[in-house]
Structures are given as structure tokens and as C-alpha cells.
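**Q** sequence first, predicted model second:
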Amino acid sequence: MMSKKVVTVNQLNFSYDKVPVLRQIKLAVERSEFVTILGPNGSGKSTLLKHLGRLLLPPEQTIFLDGADIKQLTTKQVAKQVSLLSQHNYYDYDYSCYDIVMMGRFVHMNALKGESKRDVAIVEQSMRATDTWQFRNRAITELSGGNVKRYAKEHNKTIIAVLHDLNFALRFSDRLILLSQGKILSSGTPEAVLTVENIKKAYDIDVTLEKKNGKLYYVMPMLDA
């Protein structure tokens, strides 16, 4: 039976030039989850993402992908199962929904030839199967979080993103991991993590939380009088 946990991190610590960046990071990501890593600048978000994508090699027996030590896998093997997105390649550019899905084919492509007719056919088939073909020419930022998450779940794809925009994370994520000073301050559903207290501790800003139909809808920074 296939395990629900696709990524497991056990007590990850990391330093740059003896300066601690990640401290005792322990987490698990389930298959088909959309998980977003949040935190202020310097909190360790990008460094954690690099470890999860095997761009930085962790110590042995620290990060596991489907039960296998990630240190023993290739970057290509990791990319076939987990999509890792930073805000720089996901939010700051108006990629179309079609472009984002095609990115999932990059690990299967010939680097010199680019996308093939088969890649184009697979992308169209996948988007039609998830009823997102109609959005193929729309910017990914215009797509509802529900559609993105539905695609991930129906294709058994796990997505781990690093974002700066709290409301964007709220809109798209199944679960949030909030970092502060290299440690996990809070982990859970968006409503559980995005509290006034947690945001104040992590970002040192005051916010108000707007709700719609009883659910967290928008995080609004409070303006100084």
C-alpha cells in the first residue's frame, strides 16, 4: 500500500559559514498536498526548499521521499514526484496555466530538443481530464486555488511552494508551514497558522483577519494612525 507521506524531514539543521539557518526542522508532507512555506526574509524558507529539491544535500537519514533517503536519489527522481515552487517563478511572472502544467514535463524532456508532440498531447490530456483546459491561456494568478489543488490531487502530485504573500498562500494551500528564525513557528491549516499572534511573532506586524461565511478570507495589515 502506498504511503500517504511523500516527504518526511527529520531534525534538519543547516548553517552557512557556521551561522545557523535551519534549526531542528521536522515535518511531513502527504501525497497530493499543496503545502506553502511562509516566513519573513532570512527565516530559512529558500534554504529549506533547496534541501527538499536536493539542490542542497542534507545529511543522510534526514529527508526522505517515499521512504527513500533523498541523498541517494537524483534531482530528476525528486522532480518527478514533487513540484517545488518559489514565489519568484510562480507569482512574479504571468505564466499561463498551460505553461505551469508543461513545467511538470521538463524532467521528461530532451534538454536540447525541448517539448515534443507527446509532451503537448500529455499536457492537453491532463488539463482536459481535470477540466482546466478552458483556463489554458489564463495567467496562473487568475486561477482559483480550488482548481490548482484539484489538479494536484487528481494527478497525485505534491506541491511545495515558498511564498511571501500571505493571502496568495491562504488562497491556494492545503497546509502552511510558518518559519521564524530558522525554526517552525506553526504548521497546520491556513486558519490555524495565520493568526494575529503568529503573524506578529514572525513578521512583527499587526493585522486584522477578515472572514467570509465563517472562514478566513483575507489578511489585512493594520495601518499606523
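**A** Cool, got the structure.
**Q** contacts and neighbour counts: CA atoms only from here.
**A** Noted.
**Q** okay, now Ile25: neighbour count?
**A** Each residue near Ile25 was counted by other CA atoms under 10 Å, and the total is 17.
**Q** pLDDT value on it, please?
**A** Residue-level confidence at Ile25 comes out at 97, pLDDT.
**Q** the helix or strand it falls within: which residues count as buried?
**A** Using DSSP states H and E, Ile25 sits within strand 19-30. By neighbour count on 16 or more other CA atoms under 10 Å, the buried set for strand 19-30 is 21-23, 25, 29-30.
**Q** and for stretch 117-130?
**A** By neighbour count, and taking 16+ other CA under 10 Å as the criterion, the buried residues in stretch 117-130 are 119, 123-124, 126-127, 130.
**Q** does anything pack onto the top helix by length along the chain? Which helices or strands?
**A** If each helix of the chain is counted by residues according to DSSP state H, the longest one is helix 117-129. For helix 117-129, the helices and strands in contact under the criterion 3 or more CA pairs under 8 Å, 6 or more residues apart in numbering; DSSP states H and E are helix 97-103.
**Q** and the chain, what are its domains?
**A** In the domain annotation for the chain, the residue ranges read 5-95+145-221, 96-138 (automatic domain parsing).
**Q** tell me how many other residues crowd Ile199.
**A** Ile199: 20 surrounding residues under other CA under 10 Å.
**Q** neighbours of Lys18, just the number please.
**A** Residues within reach of Lys18, counting by other CA under 10 Å, total 7.
**Q** pLDDT at it, what is it?
**A** Looking at Lys18, its pLDDT reads 89.
**Q** that one and Asn10: what is the separation?
**A** When distances are taken as CA to CA, to the nearest Å, Lys18 and Asn10 turn out to be 21 Å apart.
**Q** with Gly44 instead?
**A** With distances defined as CA to CA, the gap from Gly44 to Asn10 amounts to 16 Å.
**Q** ok, these two, which is more surrounded?
**A** For Gly44 versus Asn10, the count of surrounding residues by other CA under 10 Å is larger for Gly44: 23 against 14.
**Q** right, and that one touches Gln24 too?
**A** No: using CA atoms under 8 Å as the test, Gly44 is too far from Gln24 to be in contact (11.8 Å).
**Q** show me where this structure has strands.
**A** Across the chain, reading from the start of the chain, the strands by DSSP state E fall at 5-16, 19-30, 34-38, 63-65, 68-69, 82-86, 158-162, 175-180, 183-188, 207-212, 215-221.
**Q** okay, now the sheet partners of the last one, with direction.
**A** The pairing partners recorded for strand 215-221 under DSSP bridges are strand 207-212 (antiparallel).
**Q** give me the residue ranges of this structure where confidence is low.
**A** Residues of the chain that meet the criterion pLDDT under 70 lie in 1-3, 87-94, 106-113, 140-141, 143-145, 147-148, 150-155, 224-225.
**Q** what distance do you get for Pro221 to His164?
**A** Using CA to CA, one obtains 14 Å as the distance from Pro221 to His164.
**Q** what do you get for Leu52?
**A** Distance of Leu52 to His164, computed by CA to CA: 18 Å.
**Q** neighbour count: these two, which is higher?
**A** Between Leu52 and His164, counted using other CA under 10 Å, Leu52 has the larger neighbour count: 25 against 18.
**Q** no more questions from me, cheers.
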